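Participant: Requesting a structural model of the entry that follows:
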Amino acid sequence: MHRTDRRRPPAAMRAPVRRRIATVVASLLLVPAAAAGCGSATKVSYEPAADDENALVVYVDRGDDREILDYAIHNLLPDSVKVKPVDATGDANARIAAGTGDLSYFQHIPAFEADSQKNSYTNLSIVSKVNVVPYAVYSSKWRDLKNTTDWVHVGLVQDQVAGVSLPHGAQVALPATPTGFARGLYLLQSAGLVTLDRPFGGTSAADLTIGQANVRDSARHLSLLPLSFDQDLRSIYQSYDAVVLSPEQAASLGLQPAKDALAIEPGPENPYAHVLVAPSRLAGDQRVLELTHALESPRLAQFLATKYGGADIAVAAAGAK
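Facilitator: Numbering: from 1, shown residues only. Next comes the predicted model:
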């Protein structure tokens, strides 16, 4: 038998061999990194995450309006439309009027109109009416507002009650503030309980501060009582036949508008709608049009109905086209 010659090759031959081995090892080390870029794994990019240069800067508050805007951004806008929410301050409208922002979404109509008149924002206008934080009628005594012949608080004869609907002669407590009392009256009108000398929806000072003198007729002969709700609200709720409350006041009593209210302030034509405001320089801007459509869409209305249970409603009813 011949033994294999195991002598090492000359030094001149060993250098190329070492280079080939190093090349193979380096290639093997690169395989996992290349494989990691395949399949469902997310690619790692060192480019900027987003280009904010063309994003619409929207001044918005931190409450429901911010949640509503975020929902529209992440669920309803096309990828081509970029929106950058920024916390609104008291001078938000001044900023967009001056061009240091694009849109504002943090006020209802009367607040914007007052600010616009005070500061002469001739280049700003409302481009979308989005949502309303509505007042509602609640009762600890009665279940609904259906037609009834029942009477209470007559004084001359005994109360005649056979059903569960709000009776004639009922005592209804409304907020004593000018705004609260006016909204309560409009709400009762929309529910068919009173008739006022004007329709719902006006934003003049006279429209927003109506009172007892503006009631032409009370279909159920209601006693309308302006009361302060600052203290012992639960006692008021339990003592009177019905009470008009804001969502915040209702929540303090454990009441949810969608489940417990006898009637809720309507969204359409509501003068207290929260609005999207834009400067004239963005008239016809496709990004603004897309955002407006998203904020007025049936999908957003359904989101509000699901998320807030009647405590914040869309101006356009859910499902409307």
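Participant: Find the residue closest to residue 54 in space, skipping its chain neighbours.
Facilitator: Of all residues beyond its chain neighbours, the one nearest residue 54 is residue 82 (6.1 Å), with distances taken as Cβ to Cβ, 6 or more residues apart in numbering. From N, CA and C alone the C-beta is placed, and that goes for glycine too.
Participant: hang on, I meant residue 276
Facilitator: The shortest distance from residue 276 to any residue other than its chain neighbours is 4.0 Å, reached at residue 128 (Cβ to Cβ, 6+ apart).
Participant: Pull the number of nearby residues for the residue nearest to residue 54.
Facilitator: With neighbours defined by other Cβ atoms under 10 Å, the count for residue 82 comes to 15.
Participant: partners of the helix or strand hosting residue 226, with directions?
Facilitator: Assigned by DSSP states H and E, residue 226 belongs to strand 223-227. Note on strand 223-227: by DSSP bridges, its sheet partners are strand 171-175 (parallel).
Participant: Would you mind listing the buried residues in the strand it pairs with?
Facilitator: Neighbour-count burial for strand 171-175 flags 172, 173, 174, 175 (criterion: 16 or more other Cβ atoms under 10 Å).
Participant: low-confidence ranges in the stretch 151-300 of the chain?
Facilitator: Low-confidence segments of the stretch 151-300 of the chain (pLDDT under 70): 156.
Participant: need the helices for it, in chain order.
Facilitator: For the stretch 151-300 of the chain, helices defined by DSSP state H, counting those that start in this stretch occupy the ranges 178-190, 205-208, 233-239, 247-252, 257-260, 286-295, 298-308.
Participant: out of these, nearest to residue 119?
Facilitator: Distance to residue 119, taken as Cβ to Cβ, is lowest for helix 205-208 among the helices of the stretch 151-300 of the chain, at 17.9 Å.
Participant: Quick one: residues contacting the residue nearest to residue 227 when sequence neighbours are not counted.
Facilitator: Residue nearest to residue 227 in three dimensions, not counting chain neighbours: residue 173, with 4.8 Å by Cβ to Cβ, 6+ apart. Taking Cβ atoms under 8 Å, 6 or more residues apart in numbering, we find residue 173 in contact with 225, 227, 236, 240, 242, 243, 244.
Participant: and the gap between residue 173 and residue 244?
Facilitator: Distance of residue 173 to residue 244, computed by Cβ to Cβ, to the nearest Å: 7 Å.
Participant: Could you report the neighbour count for the residue nearest to residue 276?
Facilitator: Neighbour tally, residue 128, other Cβ under 10 Å: 21.
Participant: Begin at 40, not 1, for the rest of this chat.
Facilitator: Noted, 40 is the first residue going forward, which turns the last one into residue 167.
Participant: what secondary structure does it sit in?
Facilitator: Secondary structure of residue 167, reduced to three states by DSSP: H, G, I helix; E, B strand; the rest coil: strand.
Participant: my guess is it meets residue 331, correct?
Facilitator: Yes: using Cβ atoms under 8 Å, residue 167 makes contact with residue 331 at a distance of 4.5 Å.
Participant: what is in contact with those two at once?
Facilitator: Common neighbours of residue 167 and residue 331 (criterion: Cβ under 8 Å, 6+ apart): residue 315.
Participant: For residue 176, pull up the helix or strand it's in.
Facilitator: Per DSSP H and E, the secondary structure element for residue 176 is strand 175-177.
Participant: Oops, could you answer that again for residue 154 instead?
Facilitator: Per DSSP H and E: residue 154 is located in helix 148-158.
Participant: now that helix and helix 217-229, what's the angle there?
Facilitator: On the basis of axes from the mean of the first three to the mean of the last three Cα atoms, to 10 degrees, helix 148-158 is oriented at 140 degrees to helix 217-229.
Participant: From the contact counts, what lies against helix 148-158?
Facilitator: helix 131-137, strand 163-171, strand 313-318 (3 or more Cβ pairs under 8 Å, 6 or more residues apart in numbering; DSSP states H and E).
Participant: if we go to 7 Å?
Facilitator: Judged by 3 or more Cβ pairs under 7 Å, 6 or more residues apart in numbering; DSSP states H and E, the packing partners of helix 148-158 are strand 313-318.
Participant: Give me the sheet partners of the strand it packs on and which way each runs.
Facilitator: strand 142-147 (antiparallel), strand 163-171 (antiparallel).
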